[in-house]
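Undergrad: I would like the atomic coordinates for the input below:
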Amino acid sequence: MAAPFITLTIGLPWLGALAVWIAGDQHPKAQHALAVLFAVAGGLSGLALLTTTGAEVAIRLPVGGAFGDFTFVADGLGVFLAVIATVIGSLAVIFSVEYMKGEAQLGRYYAFVLLFIGAMAGLALTGSLLLLFFFWEVTALTSYALISFHNDDPKAVAGGIKALLMTQLGGVGLLAGALLIYAHLGSYDISAFLAGADALPPDLRALIAFGFLAAAAAKSAQAPFHTWLPDAMEAPTPVSALIHAATMVNAGVYLLARFFPAFESVPGWSTAVVIIGMVTALLAAVMALVADDLKRVLAYSTVSQLGYMVFAIGCGSVLAGQFHLFSHAVFKALLFLGAGAVIHAIGTRDMHQMGGLGKHMPLVRGVFVIGAGALAGIPILNGFWSKELILETGLAHGPLWGYIGMLIGAGLTALYTARMVWLVFYGEPRSHHHAHDARPAMAIPLVLLAVGTLTTWLLFGPFGALLAEAVPGLHEESTLDFVTKVVSDPATLLALGVVAIGLLAWQQRSRLSPIAAGLRALEQAAKQGFGFEAINRFVARMTRSAATVLQRTQTGELNWNAAGIAGALLIVLIILAGGGTR
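TA: Residues are numbered from 1 along each chain as shown. Take a look at the predicted model:
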């Protein structure tokens with residue numbers, strides 16, 4: 001029963017990409033309509049998958065040789081991410097109708113957006129490591145193309161290249177791990193690996209585990225790979241909402257959750273995951289506090305919140321990490337699209353040129369404040385419940401120092417969120433802009449996401465039951481039991497107290513200015529990316545130097561170069577096809 005919906009969930013967006021491209025840029029209205037039609041249809045198909053979930057293989061395509069069978073499975077964990085990709089994707093496409101009005105090369109924009117949505121759904125639903133890697137790379141390619149959409153802007157092109165290179169570094173870990181699994185098990189089947197992981201030599205399993213961790217850290221912008229995400233903000237804002245807040249960056253967290261049962265017993269792996277999550281959450285929160293670009297604040301916020309999800313998985317709770325992924329996808333898409341409405345109205349991303357916009361944009365202000373409240377962890381919004389679950393998991397099952405670090409991160413989150421909302425919507429105008437509220441095509445996704453931010457925490461019980469199908473040993477509980485536990489836990493009061501301190505710190509910022517003055521060195525370090533950008537520049541220089549040396553090996557004759565590439569590809573295919581059977 002799931003097979004038709006899997007096919008439609010992946011295939012409809014890809015068919016839409018082709019239709020939009022064929023329609024041609026001379027027919028922008030048709031392109032808008034086709035993009036919305038196919039995106040919404042894909043989202044509805046994804047939602048239909050929720051009624052057909054199961055652990056058995058739904059689609060099997062026997063390819064043979066070293067490729068094995070290409071399989072698709074509609075289990076709870078995969079269906080959940082596919083629904084996020086297609087539903088949030090459809091809302092981003094609807095928002096784009098107004099945001100991208102009058103833009104050139106609409107066909108290229110919508111084609112890559114729809115290709116991305118289909119690839120992300122495929123990544124979540126495939127049961128083959130080889131196909132997972134294929135879809136993983138398609139999302140990287142489409143992300144690069146969309147970040148660099150304004151290809152006459154050097155910053156956009158540089159941001160796209162940076163994102164592609166840094167995520168590809170992690171992709172090497174995923175590919176190496178997949179090949180090692182095939183070499184020892186003779187199959188790319190994910191379920192076969194999860195079932196037989198304990199039979200692998202410990203050193204080999206550790207190598208695969210840390211290779212997958214590198215892939216996840218790069219894809220989800222975790223330290224030390226976190227610097228690509230803020231630079232990706234040169235993309236059109238609906239792309240930022242779709243790829244770099246609600247969907248693609250979640251692929252790394254999904255990878256950790258999917259393979260957690262195989263890696264949790266690897267010595268040092270869980271500790272490494274906890275450290276990466278905590279360090280990333282804290283560093284990104286500090287950088288968000290000193291950023292002046294609205295979209296970069298949200299980007300650093302995304303990096304920080306992804307750190308919370310990674311931390312939860314390191315503490316042993318896939319449910320906590322994935323529930324926060326769910327909440328974050330909704331409220332961060334709301335915040336990015338709200339920011340897009342602001343930028344579209346006034347033409348700047350600099351928060352110091354805003355101020356007082358709430359008077360002219362009451363709808364946008366209202367929904368943005370709802371999203372900001374969820375980010376800060378204000379009851380009863382969805383971000384409060386999922387973040388509390390992570391903090392309580394960290395306190396119960398993680399190291400104390402990790403819990404303290406994440407608690408500090410919660411306070412910093414409240415502080416930079418209050419700063420962002422005040423600079424954009426309140427106070428006196430700091431420049432002259434003719435702001436206007438969101439048009440209907442923008443307002444509809446904003447209102448729907450705001451409703452989701454207010455209500456999706458009510459789905460905790462069904463959400464846990466959905467994940468239990470795919471994650472062995474996952475503890476289920478009803479929404480009522482979950483709410484009762486959170487409300488009655490003393491740790492919740494402690495976390496709310498820390499959040500209140502963060503909000504109060506912004507309100508009393510003038511009185512705290514002497515303390516802020518004493519932290520100038522930290523502020524400067526944060527603005528310089530804590531040295532990670534310097535490391536990136538060093539690596540880039542070393543790469544260019546190596547490329548200059550290797551350039552001598554090139555003949556400069558295109559025919560010989562093409563022949564060499566074709567010959568090497570033929571050799572690889574012969575080896576895979578002839579030596580892949582067992």
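Undergrad: taking the centroid of this protein, which residue is nearest it?
TA: Against the mean C-alpha coordinate of the chain, by Cα atoms, centre = their mean, the closest residue is residue 249 at 2.1 Å.
Undergrad: isn't residue 486 right up against residue 388?
TA: Yes - if you go by Cβ atoms under 8 Å, residue 486 and residue 388 touch, sitting 5.0 Å apart. All C-beta spots, glycine's among them, are computed from the backbone N, C-alpha and C.
Undergrad: overlap in contacts of the two?
TA: Taking Cβ atoms under 8 Å, 6 or more residues apart in numbering as the contact rule, residue 486 and residue 388 both touch residue 492.
Undergrad: between these two, tell me which one has more neighbours.
TA: More crowded of residue 486 and residue 388, by other Cβ atoms under 10 Å: residue 388, with 24 against 20.
Undergrad: so who does the closest residue to residue 378 other than its chain neighbours touch?
TA: Nearest residue to residue 378, sequence neighbours excluded (Cβ to Cβ, 6 or more residues apart in numbering): residue 384, at 5.9 Å. Applying Cβ under 8 Å, 6+ apart to residue 384 gives the contacts 374, 377, 378, 457.
Undergrad: you'd agree residue 384 is in a helix?
TA: Yes - applying DSSP: H, G, I helix; E, B strand; the rest coil, one finds residue 384 inside a helix.
Undergrad: ok, and the closest non-adjacent residue to the residue nearest to the centre of the chain?
TA: Nearest non-adjacent residue to residue 249 (Cβ to Cβ, 6+ apart): residue 220, at 5.1 Å.
Undergrad: quick check: the one you found vs residue 376, distance?
TA: 21 Å (Cβ to Cβ, to the nearest Å).
Undergrad: also residue 328?
TA: To residue 376, residue 328 is 13 Å away according to Cβ to Cβ.
Undergrad: I'd say residue 197 and residue 205 touch.
TA: Yes - between residue 197 and residue 205 there is a contact under Cβ under 8 Å: 6.2 Å.
Undergrad: more neighbours: which of the two?
TA: Regarding residue 197 and residue 205, a neighbour count based on other Cβ under 10 Å identifies residue 205 as having more, with 22 against 19.
Undergrad: quick one: that one from residue 181, how far?
TA: From residue 205 to residue 181 the distance is 10 Å (Cβ to Cβ).
Undergrad: and residue 432, helix, strand or coil?
TA: Under three-state DSSP, residue 432 falls in the coil class.
Undergrad: pLDDT below threshold where in this structure?
TA: The chain contains residues with pLDDT under 70 at 245-246, 552-556, 558, 576-582.
Undergrad: where along it do the strands fall?
TA: 57-62, 69-73 (DSSP state E).
Undergrad: contacting residues around the last one?
TA: Strand 69-73 is contacted by residues 3, 6, 54-63, 122, 125-128, 130-131, 189-191 when judged by Cβ under 8 Å, 6+ apart.
Undergrad: how far does that strand sit from its chain's centre?
TA: Between the centre of strand 69-73 and the centre of its host chain there is 24 Å, according to Cα atoms, centre = their mean, to the nearest Å.
Undergrad: can I get it in CSV? Just the C-alpha atoms.
TA: What follows is strand 69-73, C-alpha atoms only, in CSV (Å, rounded to 0.1, in the frame of the first residue of the first chain):
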residue,chain,number,x,y,z
ASP,A,69,18.7,-4.1,-4.6
PHE,A,70,17.4,-0.5,-4.5
THR,A,71,14.8,-0.5,-1.7
PHE,A,72,12.4,1.9,-0.2
VAL,A,73,10.9,1.6,3.3
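Undergrad: so who does residue 63 touch?
TA: Counting by Cβ under 8 Å, 6+ apart, residue 63 has contacts 69, 70.
Undergrad: any idea how far residue 137 is from it?
TA: Separation of residue 63 from residue 137 (Cβ to Cβ): 18 Å.
Undergrad: just residue 400 next, same as before
TA: Going from residue 400 to residue 137 by Cβ to Cβ gives 40 Å.
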